[in-house]
Structure formats: structure tokens, C-alpha cells
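Colleague: got a predicted model here, sequence first, then my questions.
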Amino acid sequence: MQWPMRFLVLSLLVTLAACQFMSQLPLIVKSPYLHSWVSANTVSTSGGWPLSWNGHILGWSSWIRVDGISYQWTGQTLSSRPNMTANEVTPTRTIFSFAVAGFVGFNVTYLSPIDPSDLVQQSLPFGYFYVDVWSLDGNSHSVQFYTDITGEMLSSDLTDVVQWNTTQSGNVVYHRMRLTSMQSMVEEGDIAKDSTLFLAIDNRPDMTWQTGAADALPDGLRARFNSGEPLTNTADTESRAINDTWPVLAFRVDLGTITQTSDPVVWSLGLVREPVIQYTTPVNVQLRSSYYWSAYNAVDDIVQDVIGKFNDIRSKAVNLDNKILADGGAISSNYSDLISFALRLVFGAMDITIPRASSGALNTSDVKIFMKDIGASRYVFTPSRLSVADSPQSSLPAILYLNASLAGLLLEPLLEYQNSSDYKNVYATPDLGITYPKVQGNTTDTTELALENCGNMLIMVLAHAMKSGDGSLLSRYYDLLKQWANYLEQNTLHPAGYINADGESNPNLSNLALKGIVGMYAMGKISEAAGMSSDASHYQSQAQNYTSQWESLAITSDHISTVYGDSSSSGLIYNLYAAKLLGQDSISSQIYDQQSQFYSSQIGTAPKFGFPYDTNDVGKAKSHWAMFTAATVSDSTVRDFITGSVWNRAALNDSNPFPTTYNPNTGSLISGTASSAQGAMFAQLALNVANQAFSVVSSPSAEKSKTNAGAIAGGVVGGVGGFLVFVGLGVFFWRRRQWRKSPSLEMQEAAVHEPFSSHPVGNDVNSIAISSAAEPIVGASKSDRTHHYYPSLGNSSSGAGMSVSPPSTTFGAASSSSGGPSQELRTEMEQLRREMEVLRSERLQDSEPPPLYDFGVTHVEDNAGAGRDAANSAGPLTPSRRKGAL
């Protein structure tokens with residue numbers, strides 16, 4: 001037992017500054033509303049509460065008691081802190097190594113599982129935290145752990161009333177808490193007011209639990225722990241305000257007198273919403289559930305799986321971390337750090353959803369991913385925006401690297417909405433609305449962003465097809481994509497009246513013009529894959545022509561000017577990244593080389609936190625554009641300088657988790673805190689993902705012919721066939737009018753499913769009974785899991801690719817961009833066809849009885865939880881593993 005002591009001595013010799021790579025560290029980041037962070041400084045010194053990304057206190061407290069003395073590593077109740085000797089951030093984990101008075105060392109690991117090949121696992125809004133303990137002096141020590149959490153994760157209004165209960169089921173014990181008056185699809189202060197909070201642990205013999213007041217004397221739960229008393233396995237029965245004696249959900253584990261743990265002590269924290277998205281379509285309002293409900297009948301099953309599969313989940317996470325860190329480390333250690341920090345931000349912004357019919361049945365063939373614009377990546381501070389076109393563009397490299405097929409599920413709702421009759425603009429939308437989690441679309445006039453968004457959509461759709469091998473989006477939305485390409489052709493070379501993603505407005509913005517040119521090139525490649533040779537020749541020729549003109553307008557003697565004709569203007573030409581990603585050969589390597597040389601010449605006078613993204617806006621540096629640019633340079637020294645500048649900002653000691661936009665001299669926050677746009681950190685790795693062969697399943701012309709045939713079917717086929725078409729149209733238009741009169745019709749039919757039990761708490765005779773709520777009815781058993789898997793990824797420097805066809809969608813696939821009565825009729829007929837498919841699907845689903853379910857029923861077991869497989873041996877972060885030892 002001498003090596004832990006040697007490690008402690010060694011770690012104390014390392015400088016304090018090395019510990020502070022990230023000042024704000026992610027704990028569990030698993031969904032748009034389960035976003036927990038902590039300050040590295042407060043963990044190691046004065047203590048501090050875990051926070052949401054926007055600074056809201058989450059009331060999550062954790063303690064260790066060694067030989068009768070208590071120490072707190074999160075929360076601010078005690079002044080006694082364990083000494084943090086090291087911390088490490090990996091793509092899925094944040095690990096702290098602590099020492100207590102030279103007697104005991106322990107690691108605390110916060111795990112946010114990422115498994116992009118399994119939609120069930122990826123959509124589960126649960127994470128883990130677990131501890132390993134060892135003796136530092138070779139002697140045995142008495143060790144206990146305690147953790148609790150308040151209701152602050154459920155509301156920003158601390159006077160809101162909460163209720164709670166506790167369930168013992170099989171090998172698991174779990175608490176849950178919710179607002180007494182939940183508000184479906186309501187967000188306040190970036191907190192969802194329809195969430196249920198879960199805290200779970202193995203039903204182990206050394207564990208006790210309790211719910212009640214946190215600090216009230218003499219019976220406060222934290223006071224009980226500090227005095228050495230076990231919890232009582234009883235429930236406080238009084239619902240009350242979050243801040244009324246701060247009721248908490250608490251667990252205590254008494255390890256006894258030990259020298260080392262053989263298995264970690266594991267808790268799971270989850271935040272469940274059901275449904276998660278309200279999605280407005282031209283024919284109904286869908287209440288969409290998280291994908292994981294397709295595999296479970298009850299929340300009890302979910303919690304047992306989460307705890308029971310910990311070893312497997314952890315093993316997968318470690319393997320994924322190792323793969324990503326090896327790929328990133330081949331570029332640089334700073335780069336490896338940045339991608340470690342960024343990945344949770346991308347996947348933590350997503351909701352992976354499927355629709356629920358009024359019968360309660362789930363449709364796993366209609367998968368859509370929605371992304372909350374956390375931190376507001378754009379120049380307009382609207383963090384409730386969703387599926388913002390430039391936010392997926394920035395996060396796209398991370399998605400392409402891990403599983404390019406997911407990009408299709410993210411793009412689908414954007415394309416579907418813009419191809420529907422509800423969207424009237426001839427250019428691409430910037431987003432799907434500003435009221436997450438309500439997806440209502442954006443029908444406003446956003447002409448000024450048209451070039452930016454049209455270019456983004458074309459680039460992302462082609463990139464998805466190239467890296468996944470799936471061309472289905474190109475087939476379904478060909479005419480829509482062509483419409484956007486035509487818009488770019490007419491307006492992109494001289495973008496007067498338009499602004500870029502940064503809010504700049506100038507008729508001669510070269511970077512914005514380049515975005516449009518790359519978009520036109522993308523359309524040429526799309527047309528080529530679709531077998532539309534005339535279109536392909538046209539767009540490829542125009543892209544080449546525009547590129548030549550752009551070069552003569554934008555390129556000076558030694559660099560690309562950001563404003564045509566102004567040789568003094570310069571900046572990060574980040575849109576070259578899209579051209580490189582798509583392999584646009586009309587932009588020669590000499591252009592990349594010249595720009596690299598220019599950046600090199602500017603390094604000597606660059607601010608600490610990197611180049612301003614544009615000399616016309618010198619007060620702003622942007623991490624996502626910087627990393628796009630770093631991936632385009634041909635000089636590794638320049639690449640590493642840009643990467644290092646972003647690393648400097650990520651390591652800055654302040655209270656904001658890694659923003660995208662900040663002052664290049666001081667690093668002070670401007671916008672984009674904890675944004676999914678940090679997926680741009682993966683830009684260099686995404687270039688290494690091998691392209692896949694893809695094709696368009698059915699040519700657009702054939703699809704148009706079918707649509708035209710459908711539009712005139714009533715005039716060609718007489719008698720009964722024509723009559724049925726007429727009646728069908730009448731039913732369709734009647735239903736549509738009814739929907740427009742009452743947009744919430746389907747919502748009124750479908751229950752808002754709240755994951756809360758009406759059954760007694762555990763084995764406590766004083767348990768409370770919470771009023772019952774609607775319970776999820778799902779369409780798959782736990783054993784029916786094979787269809788939930790997307791092929792595994794490995795899309796990295798090895799170039800291992802994949803080819804996956806995404807699930808079919810249920811509306812919005814009509815593809816024609818031309819106007820006029822015939823187009824309207826074709827659109828209506830296509831929507832009628834889909835409506836009939838939906839009705840038929842519901843009728844088939846309704847013909848079978850719904851599955852039985854047991855949502856939160858309390859089970860009292862005589863046996864304690866069965867042991868898991870042996871975990872990795874405990875031990876501190878070794879010098880080769882740790883980041884920032886003290």
C-alpha cells in the first residue's frame with residue numbers, strides 16, 4: 001500500500017496551474033435539461049454547488065466521513081474539504097482524485113454515457129457518479145459516504161411546491177421528486193417544469209435512505225450524517241416549497257472499516273420528461289416521446305436497467321474515451337483536451353424522439369432528433385431556439401466522426417418542416433422556433449439570413465450522405481434542395497442585403513459568398529448522385545465559375561480579404577472548411593497554402609485567446625470558427641497555434657463553461673456558453689472519416705411523375721375510384737380545418753405522461769402516497785431491442801465508414817419547389833396519402849391491446865441487491881492518466 005502515498009507526494013509537487021485546464025467542469029450532462037457543472041476551484045478550495053450551464057444552483061451535495069470527521073466535496077454546508085490532488089476530463093467522464101488528511105484517498109467519477117450506435121441508451125436521461133476508496137497510510141479506516149439533492153433542478157422558482165417518494169424494487173432503491181403542479185412543455189430559466197428527478201442506488205446492505213429537511217436542526221439529514229448516525233429508511237410526508245427547509249432525497253453508505261473498496265459505490269442521477277417535444281405539423285400536433293420508451297414498459301424497469309448495467313455502460317464509455325483520445329492525441333495534447341470537453345455538449349443538447357399515437361403506441365420508424373440551442377450559439381441570445389441551422393453545422397463534425405447516420409435524424413425535421421405547406425419562404429429557415437421544447441416552426445421573414453441558411457442546409461445534407469452512405473434525404477427533398485441552390489445562384493456572389501452567422505452586414509462579404517458557392521457545389525454533387533445530369537452539369541459549372549470570380553474579388557497579394565476590395569480586411573475564412581469536407585476541387589490547394597502563410601505571419605501579434613474572427617469586428621474571437629479554420633491550414637504550426645489559443649480560453653478561470661464567443665484579449669464571455677457548437681472541436685477528425693458510396697433510391701423525376709399521376713388520378717380513373725378520391729380529399733380538408741380550429745386536438749387526446757408513482761414508498765409504514773398520474777404505454781418489451789441499434793461507428797482516422805438508411809418519415813416528403821395550382825394540388829394529394837398511412841397505422845396499432853405495464857409499483861425484496869461484476873480496482877489517477885495534478 002505504499003504506491004498511493006508516493007502518488008500523493010508526486011502530485012503535490014506539480015503546480016497548481018496545471019490542475020486548472022478547465023475552470024468549469026461538466027459533471028452529468030445528458031440532456032438539454034440535465035446539464036450539471038462545477039467549478040474546479042471551489043471543489044479544491046472553498047466549496048461550491050453544482051450549477052446548471054446558466055449558473056442556476058442545483059442543490060446537489062456530496063460528503064465523505066473518515067474516522068468520524070466529515071468532508072464535503074460538492075455543496076457549501078461544511079468548511080472542511082478533502083484535498084483535490086488531480087482531475088481529468090475525458091469525452092464521457094469527469095474524474096476527481098481526493099486525499100483526506102493523508103489517511104484515505106478516493107476517486108469520484110461523473111459519467112455521462114455516450115453510445116451513438118444505440119438509440120435507447122443514448123436517449124436515456126440518466127448519468128452516474130461513483131466512488132473508489134483506498135488507504136494512503138496502509139491502515140484501515142472507517143469510511144461513510146452521503147449524497148443528497150434538493151428540488152432546484154425542477155424549477156428556477158424556489159417557492160414552487162415539490163412532492164416525492166421512494167421505491168424499493170428488486171436490487172434497486174430510488175427516490176423521485178417532481179413539482180406538485182407540473183406544466184407540460186413549459187420552460188422557465190432554461191429549466192423544464194415537467195421533469196421528474198431520480199436518484200438511485202443498489203439496494204445494498206450497507207445503505208440507508210431518507211427524505212426530509214436538509215439542514216433543519218436537530219433532525220436535518222446532513223446533520224445526521226455529520227454526527228455519524230445512519231439514515232432511518234423513512235419518508236418525510238409533507239409536500240412543500242423547494243426552499244421550505246430544503247427537502248432532499250438522500251442516501252448514505254457505510255463501508256465500515258476498510259483499506260480499499262473492491263467495487264465502486266454507484267449512484268445514478270436522472271431527469272425524466274414525458275413527452276419531451278411538442279411537434280407541430282400541417283396535419284396534427286405530435287407529442288413526441290424519448291426513444292428509450294420503445295424498450296421499456298415502466299420507469300421501474302428503466303432504473304433497474306440503469307443500475308444493473310453500470311459495469312457494461314462504464315466499459316463502453318472507457319473504450320469510447322480511449323478511441324477518441326487516441327485519435328485526438330495524434331494531433332496534439334491540446335486538441336485531445338478540447339474534444340474531451342466538447343463531446344458531452346453536443347450530445348447533451350439532443351432529444352432523440354419518436355411519436356406517440358393517441359392510442360399510446362409508439363412509432364419507432366419515425367425517429368427525429370431535436371437540438372436545443374444551449375447558450376445561444378448565434379449572435380441573437382435566444383437559448384430556447386431549437387435545431388438552429390448553424391448550430392448543427394458547427395456540431396456536425398462531432399456527429400460525423402461518431403455516427404454520421406445521426407446527422408440525418410437531426411436534419412430530417414428541418415427538411416420536413418420546410419417542405420411542408422406551412423413554410424412559405426423560398427429560402428432555408430434559420431431554426432424551427434424559439435420556444436423549446438415546443439417545435440412550432442419559424443414562419444417569419446428571415447431573408448437577411450437566407451444565404452447563410454441555404455448554404456448550411458445544402459452542405460450538411462451532402463456531408464451526411466457522403467459520410468453515412470445514405471442518400472435518402474437527397475431523394476425525398478431534391479426539389480427543395482434545388483430551390484435553395486437556385487436562390488444561392490441568384491444572390492450569393494454579391495450578398496447585398498444579407499448577413500452572415502455572425503451578424504455582419506456588407507454587400508461584399510467574401511466568407512458569406514464562399515458559403516453560398518460551396519452550397520452550389522454541394523447541389524452539383526447531389527444532382528450527380530440523383531442521376532440528374534443536366535442539373536449536375538449546371539451547378540458544377542456555376543460553382544466553378546463563381547469560384548473563379550470569387551478568387552478575383554476576394555484574394556489579395558497575400559491573403560483572402562473578408563470584404564471584397566478591402567485588402568486591409570482579414571479574418572478566419574472558416575467556410576473553407578465546408579469546401580474541404582466536401583472535397584470541392586475547384587478551390588485549389590494554393591489558396592489553403594496562401595491563407596496558412598498569412599495566418600503564420602500574424603501569430604506574433606495575435607491576442608492570447610486567438611485571432612479575432614474578422615478584423616471588422618476585432619472584439620470577438622470564436623472557438624468554433626477557429627477550429628474550422630485550424631482544420632483547413634496546411635501548416636501544423638499554425639494549426640497548433642490556433643488550437644492552443646482556443647485551449648487557452650477553455651482553461652481560463654471564470655464562471656462560464658467554455659463559450660463559443662469571447663473577447664480575444666481578455667477571454668471575457670460574449671455568448672455561446674456550453675453550446676453544442678463546440679462540436680466544431682472535432683473538425684480535424686471529421687476530415688479523416690472515409691467517404692461512403694451513396695445513391696438516390698428513386699430519381700426525383702420519377703417521384704415527380706408519380707406525384708403528378710396522383711394529382712390527376714380522379715380525372716383518369718372514373719366511377720368508384722374517382723369517387724373515393726373525392727371523398728378522401730373531402731375528409732382530408734375537413735380534418736385539416738378542424739386541426740386549424742383546434743391546434744391542440746391530438747394533444748388533448750393524448751395523455752401527458754408523468755413518470756411518478758401512486759404507490760406507497762418502499763417498506764416504510766410512514767410512506768406517503770402521491771396522487772396518480774398518467775403512465776406511459778409503449779409498444780415494445782424490454783427484450784425487443786435489436787432494432788434499436790445503428791451500426792457501430794469507428795468513423796475516425798481509420799476511415800471505417802458505415803451505410804445506414806434512416807427510418808422513413810410520416811409527412812413532408814413531397815418534393816417540388818415550383819408554385820402554382822398544380823403544385824398545391826400535388827402537395828395536398830401527397831399529404832392526403834400520408835394522412836391515410838397514419839390512419840392505417842393507427843388502426844393496425846389499435847387492433848392490438850396495449851402492453852401491460854407496471855409504472856413505479858413498489859416491490860419489497862427480502863434480499864439485498866445482487867453484486868455486480870467486479871469493477872476496476874480502486875486507485876488514484878496515475879501520472880499517465882491524470883490531467884492537472886496539484
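Modeller: Looks like it came in fine.

Colleague: could you pull out the helices for the stretch 301-450 of the chain?
Modeller: 310-329, 333-347, 390-403, 405-418, 450-468 (DSSP state H, counting those that start in this stretch).

Colleague: any idea which of those helices scores lowest on pLDDT?
Modeller: Mean pLDDT is lowest for helix 390-403 out of the helices of the stretch 301-450 of the chain, coming in at a mean of 88.

Colleague: give the buried residues for that helix.
Modeller: By neighbour count on 16 or more other Cβ atoms under 10 Å, the buried set for helix 390-403 is 390-403. Using the backbone N, CA and C atoms, a C-beta is placed for each residue, glycine as well.

Colleague: dump these into JSON lines; add distance to Ile258 as well.
Modeller: Shown next, in JSON lines, are these (distance: Cβ to Cβ, whole Å):
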{"residue": "Asp390", "distance to Ile258": "53"}
{"residue": "Ser391", "distance to Ile258": "48"}
{"residue": "Pro392", "distance to Ile258": "49"}
{"residue": "Gln393", "distance to Ile258": "51"}
{"residue": "Ser394", "distance to Ile258": "47"}
{"residue": "Ser395", "distance to Ile258": "44"}
{"residue": "Leu396", "distance to Ile258": "48"}
{"residue": "Pro397", "distance to Ile258": "45"}
{"residue": "Ala398", "distance to Ile258": "41"}
{"residue": "Ile399", "distance to Ile258": "44"}
{"residue": "Leu400", "distance to Ile258": "46"}
{"residue": "Tyr401", "distance to Ile258": "42"}
{"residue": "Leu402", "distance to Ile258": "39"}
{"residue": "Asn403", "distance to Ile258": "41"}
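
Colleague: and the end-to-end length of stretch 350-363?
Modeller: Stretch 350-363 has its terminal residues 19 Å apart, counting by Cα to Cα, to the nearest Å.

Colleague: average pLDDT for that stretch?
Modeller: Mean per-residue pLDDT for stretch 350-363: 92.

Colleague: just stretch 131-144 next, same as before
Modeller: For stretch 131-144, mean pLDDT rounds to 98.

Colleague: mind checking how far that stretch is from the chain centre?
Modeller: The chain centre lies 37 Å from the centre of stretch 131-144; the measure is Cα atoms, centre = their mean, to the nearest Å.

Colleague: on that earlier part again, which of the buried residues of helix 390-403 lies closest to Leu449?
Modeller: Distance to Leu449, by Cβ to Cβ, is smallest for Asp390 among those, at 8.8 Å.

Colleague: closest one of the buried residues of helix 390-403 to Asp635?
Modeller: Taking Cβ to Cβ as the measure, Pro397 is the one of those closest to Asp635, at 20.4 Å.

Colleague: for Trp37, give me phi and psi.
Modeller: Taking degrees, to the nearest 10, you get phi -140, psi 160 for the backbone angles of Trp37.

Colleague: do I have it right that it meets Gln24?
Modeller: Yes. Counting by Cβ atoms under 8 Å, Trp37 touches Gln24, with 5.2 Å between them.

Colleague: per-residue confidence for Ser80?
Modeller: On the pLDDT scale, Ser80 is placed at 87.

Colleague: same check, this time on Pro430
Modeller: Looking at Pro430, its pLDDT is 89.

Colleague: what does Ser655 give?
Modeller: 79.

Colleague: thinking it is in contact with Gly55, fair?
Modeller: Yes. Counting by Cβ under 8 Å, Ser655 touches Gly55, with 6.9 Å between them.

Colleague: burial measure for Asn637, as a count.
Modeller: I think there's a mix-up here, since residue 637 is Thr and not Asn. Neighbour count for Thr637, taken as other Cβ atoms under 10 Å: 12.

Colleague: equivalent analysis for Ser655, please.
Modeller: Ser655 has 15 neighbours, counted by other Cβ under 10 Å.

Colleague: residue contacts, it?
Modeller: Neighbour list for Ser655: Ser23, Gln24, Ser39, Gly55 [criterion: Cβ atoms under 8 Å, 6 or more residues apart in numbering].

Colleague: the first one touches Asp654, doesn't it?
Modeller: In this case it means Ser23. Yes. With contact defined as Cβ under 8 Å, Ser23 reaches Asp654; the gap is 6.0 Å.

Colleague: so for the two, which residue has more residues nearby?
Modeller: Comparing Ser23 with Asp654 by neighbour count (other Cβ under 10 Å), the higher total belongs to Ser23, at 18 against 15.

Colleague: quick check: the residue nearest to the more buried one when sequence neighbours are not counted vs Val461, distance?
Modeller: Leaving aside its chain neighbours, Ser23 sits nearest to Asn653 (4.5 Å; criterion: Cβ to Cβ, 6 or more residues apart in numbering). Plainly put, Asn653 is 41 Å away from Val461 if you go by Cβ to Cβ, to the nearest Å.

Colleague: go on, Thr74?
Modeller: Noted for Thr74: a distance of 43 Å to Val461, by Cβ to Cβ.

Colleague: which of the two has more neighbours?
Modeller: Comparing Thr74 with Val461 by other Cβ under 10 Å, the one with more neighbours is Val461, at 26 against 22.

Colleague: helix/strand/coil for the closest residue to that one other than its chain neighbours?
Modeller: Excluding its sequence neighbours, the residue lying closest to Val461 (Cβ to Cβ, 6+ apart) is Leu473, at 5.5 Å. Of the three states, Leu473 takes helix under DSSP: H, G, I helix; E, B strand; the rest coil.

Colleague: which ones are touching Leu473?
Modeller: Residues counted as contacts of Leu473 (Cβ under 8 Å, 6+ apart) are Gly408, Leu411, Glu412, Leu415, Val461, His464, Ala465, Pro806.

Colleague: ok, back up a step: and the contacts of Ser655 as a markdown table, adding distance to Val306 and pLDDT?
Modeller: Output for those, formatted as a markdown table (distance: Cβ to Cβ, whole Å; pLDDT from 0 to 100):
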| residue | distance to Val306 | pLDDT |
| --- | --- | --- |
| Ser23 | 30 | 77 |
| Gln24 | 26 | 86 |
| Ser39 | 28 | 84 |
| Gly55 | 28 | 89 |
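
Colleague: so which of these are in helices?
Modeller: Judged by DSSP state H, those include no members of helices.

Colleague: closest one to Asn203 out of these, please.
Modeller: Nearest to Asn203 among the contacts of Ser655, counting by Cβ to Cβ, is Ser39 at 33.6 Å.

Colleague: next, count neighbours for the residue lying closest to the closest one once chain neighbours are set aside.
Modeller: Using Cβ to Cβ, 6+ apart and skipping the chain neighbours, the partner closest in space to Ser39 is Gly48 (5.1 Å). Neighbours of Gly48 under the rule other Cβ under 10 Å: 17.

Colleague: what do you get for Ala326?
Modeller: Residues near Ala326, counting by other Cβ under 10 Å, number 12.

Colleague: next: the one 3 residues further on.
Modeller: By the criterion of other Cβ under 10 Å, Gly329 has 13 neighbours.

Colleague: quick one, what contacts it?
Modeller: Counting by Cβ under 8 Å, 6+ apart, Gly329 makes contact with Tyr335, Ser336.

Colleague: ok so, going back, could you dump the helices of the stretch 301-450 of the chain to CSV with distance to Asp148?
Modeller: Below are those laid out as CSV (distance: least, Cβ to Cβ, whole Å):
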stretch, distance to Asp148
helix 310-329, 21
helix 333-347, 24
helix 390-403, 34
helix 405-418, 36
helix 450-468, 43
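
Colleague: many thanks, I have nothing further to ask.
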